[in-house]
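>>> Kindly generate the corresponding structure for this input.
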Amino acid sequence: VMGPQGAVLQEGTPNEVYAEPAHPFVASFFGQVNQLTGSTAGGKIKTILGDLPVPACPEGCTVEVVIRPYGIKLAEGGDKGVPVEILNARPLGRNTFIRFRVKGQGAEIPDFHCRKSGVFPATPTAEVRAWIDPDSAFVFPQTAGKSENDPE
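Modelled structure (predicted):
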């Protein structure tokens, strides 16, 4: 996969590149993603959607987190995750494509996108909560504003 400046960012089969992207651009190459940036503390990064483990990063490391739409989980009610406001829910076949924001989220943070099987939410007035599936998030350490995997 070539990056925006023409440098080769990753080589491999389509399945390898999709499953194990080496760079934030590569992770977003196959479609819409959600992106967050922050610093590590205590082996995790605090995000607006909750803490995410980042054991391979030293304390204070700046990381970029890329989450594909299936990597954000939503549920009606319960205690897991953070309360969110559904901005748009489009049922398309077997899935509903959802755009949402965390309740109280500032305008400087972009809306999030995810997909959920079936019709969601089942009750339009239900309280919905969201969280990141750590196994479906890609974490890229950064140095001086660049991903560590950027070409020289």
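
>>> for the chain, what spans make up the helices?
Ranges of helices within the chain are 14-19, 24-28, based on DSSP state H.

>>> So which of the ones you listed is the most surrounded?
helix 24-28 (a mean of 21; mean count of other C-beta atoms under 10 Å). In short, each C-beta sits where N, CA and C put it, glycine included.

>>> Output the contacting helices and strands for that helix.
In terms of contacts (3 or more C-beta pairs under 8 Å, 6 or more residues apart in numbering; DSSP states H and E), helix 24-28 is packed against strand 62-67, strand 137-143.

>>> any chance of these in TSV, plus mean pLDDT and mean neighbour count?
Output for the helices and strands packed on helix 24-28, formatted as TSV (pLDDT from 0 to 100; neighbours: other C-beta atoms under 10 Å):
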stretch	mean pLDDT	mean neighbour count
strand 62-67	94	21
strand 137-143	87	19
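
>>> Export these to TSV and append columns for distance to Arg94.
Formatted as TSV, the helices and strands packed on helix 24-28 follow (distance: least, C-beta to C-beta, whole Å):
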stretch	distance to Arg94
strand 62-67	21
strand 137-143	24
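
>>> Those strands: which one's closest to Leu9?
Proximity to Leu9 (C-beta to C-beta) singles out strand 137-143 among the helices and strands packed on helix 24-28, at 11.2 Å.

>>> so how far is that closest one off the chain centroid?
Relative to its chain's centre, strand 137-143 lies at 11 Å (C-alpha atoms, centre = their mean, to the nearest Å).

>>> which outside residues touch that strand?
21, 23-24, 27, 37, 45, 52, 54, 56-57, 61-67, 71, 147-149 (C-beta atoms under 8 Å, 6 or more residues apart in numbering).
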